[in-house]
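Enquirer: sequence-free structure coming up:
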């Protein structure tokens, strides 16, 4: 899933930022719980869960991010 997100970020040429919260790091556990993450891996766009335990195609992910950029 991380590879899919990295490909999408590269394709969008710096218009978006990828932030990874590793559940193995103590300071991120509270953040992940607060966000309501129930399954890993997950992709959130602007704080909204978009993909959970499902790797989207590159085109699908890029299109979803573009929809959020237009809002």
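Expert: Done, it's in. Everything numeric in this text was worked out from a predicted model, so none of it was measured.
Enquirer: What is the three-state secondary structure of residue 50?
Expert: strand (DSSP: H, G, I helix; E, B strand; the rest coil).
Enquirer: Can we start the residue count at 29 from this point?
Expert: Renumbered: residue one is now 29, and that last one reads residue 78.
Enquirer: Burial check on it, number of neighbours?
Expert: 16 (other CB atoms under 10 Å). To be clear about C-beta, it is placed using only N, CA and C from the backbone, and glycine gets the same treatment.
Enquirer: any idea how far it lies from residue 66?
Expert: 14 Å (CB to CB, to the nearest Å).
Enquirer: Name the residues contacting each of these two.
Expert: In the contact map built from CB atoms under 8 Å, 6 or more residues apart in numbering, no residue is linked to both residue 78 and residue 66.
Enquirer: and the least confident helix or strand in the chain by mean pLDDT, how far out from the chain's middle?
Expert: Every helix and strand in the chain was compared by mean pLDDT, DSSP states H and E; the lowest is helix 54-63, with a mean of 86. Centre-to-centre, helix 54-63 and its host chain are 15 Å apart (CA atoms, centre = their mean, to the nearest Å).
Enquirer: Contacts for the following helix or strand past that helix next, please.
Expert: Later in the chain than helix 54-63, the nearest helix or strand by DSSP states H and E is strand 70-73. Contact with strand 70-73 is made by 29, 32-33, 63, 77-81, 84, 89, 92-93, 96, as judged by CB under 8 Å, 6+ apart.
Enquirer: Now which of those would you call buried?
Expert: 29, 32-33, 78-79, 84, 89, 92-93 (16 or more other CB atoms under 10 Å).
Enquirer: All good on my end, thank you.
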